[in-house]
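> Next one to model:
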Amino acid sequence: MVCFCPECSSLLREKNVNGTYILACRCGYEEVNASHEADLKKKIEKKKNAIRKNLVVIKEEDKIIVHPLVSKYCPKCNHKEAEAWQEQTRSADEPSTSFFKCTKCKHTWREY
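Alright, predicted model coming up:
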């Protein structure tokens, strides 16, 4: 949430002072940001849940590849969920190619 200074109407910026988060202004006004810890925990948990639900992590040799899950019908088995990624397969002035891999039958296809 954006907060403004009641004295000069400037934007209050978050600052960490000895482990306590405060909202401070350039004019010298300060107030304790009590909601920081709760907001931070909510944001972290929300990101973790989104990552768990929408990403596929693949480990190949020494690298980790992360692909998002999308709603796409597989042309082979008609399953409606697939991994998605894009690659530049043609010249730079052409659009990239979208690749999909079915999460059920592992069939891979592309769309230009």
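> going forward, measure contacts between C-alpha atoms and count neighbours the same way
OK.
> nearest residue to Glu83 other than its sequence neighbours?
Nearest non-adjacent residue to Glu83, counting by Cα to Cα, 6 or more residues apart in numbering: Leu69, 4.6 Å away.
> element containing the one you found?
strand 63-71 (DSSP states H and E).
> which ones are touching Gln86?
Ser96, Thr97, Ser98, Phe99 (Cα atoms under 8 Å, 6 or more residues apart in numbering).
> Kindly confirm my reading that Ser8 forms part of a strand.
Actually, residue 8 is Cys rather than Ser. No - checked against DSSP: H, G, I helix; E, B strand; the rest coil, Cys8 lies outside a strand; its state is coil.
> shouldn't it be in contact with Cys27?
Yes - counting by Cα atoms under 8 Å, Cys27 is a contact partner of Cys8 at 7.3 Å.
> give me the low-pLDDT residue ranges for this protein?
For the chain, the stretches flagged by pLDDT under 70 are 1, 34-38, 55-65.
> Okay, helices next: where are they in it?
For the chain, the helices defined by DSSP state H occupy 36-54.
> any idea which residue sits dead centre in it?
What sits nearest the mean C-alpha location of the chain, by Cα atoms, centre = their mean, is Lys47, with 6.9 Å.
> burial count for Asn33?
Number of residues near Asn33 (other Cα atoms under 10 Å) recorded here: 15.
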